[in-house]
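Visitor: Got a sequence here, can you build the structure:
(one chain, ligands or ions: 1)
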Amino acid sequence: MPTHIILIGGGGHALVVAEAATLAGHALAGFVDDQPPALLERLGVCSRLGTLESLAQFSGPRILCIGDVNCRRRLAARIDLTNAFNVIHPTAFVSPSARLGKGIYVGPNAVIHSRASVGDHAIINSGAIVEHECTVGTHCHIAPAAALGGNVSIGPGSLVGLGARILPSITIGDGAIIGAGSVVVEDVGNGAKVKGVPAR
Ligand code: JB3
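Guide: This is a model prediction of the structure:
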């Protein structure tokens, strides 16, 4: 019996979550969004159930489908995510010893390796690599093709940009931003924004 998932947000990120959920054998109950007209509606992917406020009428499984880390964090504080559901693309590898929270999106060809842990409402996007014993905090976004070496720790609400590389055993603080294509060779503090090779 497929799970009927409510998507929270109706834009580009919701589009990829919807596809991953469908390929994984789930069904879509529809989406909620405050801003008309949403991409999902224009593409006929699934029906709009209402605004975020209307979410209170539903008890089914749901997932936050908003790419912006701060927006995702802000909305998570405002809505009921008790029944948050993980959407994992069928081509992703998630180690049996990895520990996942809830409301997590794992994209195509992503890797979450042995004994890694990923917090609630995080995004491990297309082709991203979270190596063994990493810790990825809640609401983090590991963008497409980013790679975390073993034992890397990423604080809540941080963004690791497209194709960035984090060397093994590095610690990234809370709410940090790692620029696309960067190579991080030393720890990064809370709220820091770094970019480049090596990232500064
Ligand atoms: O780069 C990749 C692979 N994906 C990007 C993703 C991580 O982030 C994607 O290309 C986009 O840059 C972005 O996807 P997202 O968040 O779907 O962006 P957009 O298509 O602009 O849709 C934003 C959705 O969030 C829309 O449904 C908005 O209604 C909703 N939204 C944004 N800000 C908000 C707010 N909804 C509420 N209620 N409140 C907000 O503040």
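Visitor: And the contacts of stretch 39-55?
Guide: With contact meaning C-beta atoms under 8 Å, 6 or more residues apart in numbering, stretch 39-55 is reached by 6-8, 10-12, 14-15, 18, 28-34, 38, 57-58, 62, 75, 78-80. Placement of C-beta: from N, CA and C, glycine included.
Visitor: What parts of the chain come near the ligand?
Guide: For the chain, the residues in contact with the ligand (C-beta under 6 Å from any ligand atom) are 9-14, 33-35, 38-39, 52, 66-68, 71, 75, 125, 144.
Visitor: Quick check on the contacts of stretch 39-55: which are buried?
Guide: 6-8, 10-11, 14-15, 18, 28-33, 38, 58, 62, 75, 79 (16 or more other C-beta atoms under 10 Å).
Visitor: Now, the residues you listed that are in strands?
Guide: Judged by DSSP state E, strands contain the following of the buried ones among the contacts of stretch 39-55: 6, 7, 8, 28, 29, 30, 31, 32, 62.
Visitor: so the first one bridges to which residues?
Guide: Here residue 6 sits in beta bridges with residue 30, residue 62, as judged by DSSP bridges.
Visitor: Look up how far the ligand lies from it.
Guide: Distance of residue 6 to the ligand, given as C-beta to the nearest ligand atom, to the nearest Å: 13 Å.
Visitor: try the fourth one
Guide: From residue 28 across to the ligand, the span is 15 Å (C-beta to the nearest ligand atom).
Visitor: Just the pLDDT for that residue.
Guide: Listed pLDDT for residue 28 reads 97.
Visitor: One more: the last one?
Guide: Per-residue confidence (pLDDT) for residue 62: 97.
Visitor: That one and residue 3 touch, don't they?
Guide: No - judged on C-beta atoms under 8 Å, residue 62 makes no contact with residue 3 at a distance of 10.5 Å.
Visitor: shared neighbours of the two, which are they?
Guide: In contact with both residue 62 and residue 3: residue 85, using C-beta under 8 Å, 6+ apart.
Visitor: Map the structural domains onto the sequence of the chain.
Guide: Listed by automatic domain parsing, the domain ranges of the chain are 4-78, 86-194.
Visitor: distance of the closest residue to residue 162 other than its chain neighbours from residue 164?
Guide: Closest residue in space to residue 162, ignoring its immediate chain neighbours: residue 180 at 4.0 Å, by C-beta to C-beta, 6 or more residues apart in numbering. Taking C-beta to C-beta, to the nearest Å as the measure, residue 180 falls 6 Å from residue 164.
Visitor: who's more crowded, those two?
Guide: Higher neighbour count among residue 180 and residue 164: residue 164, with 26 against 15, using other C-beta atoms under 10 Å.
Visitor: Alright, calling it a day.
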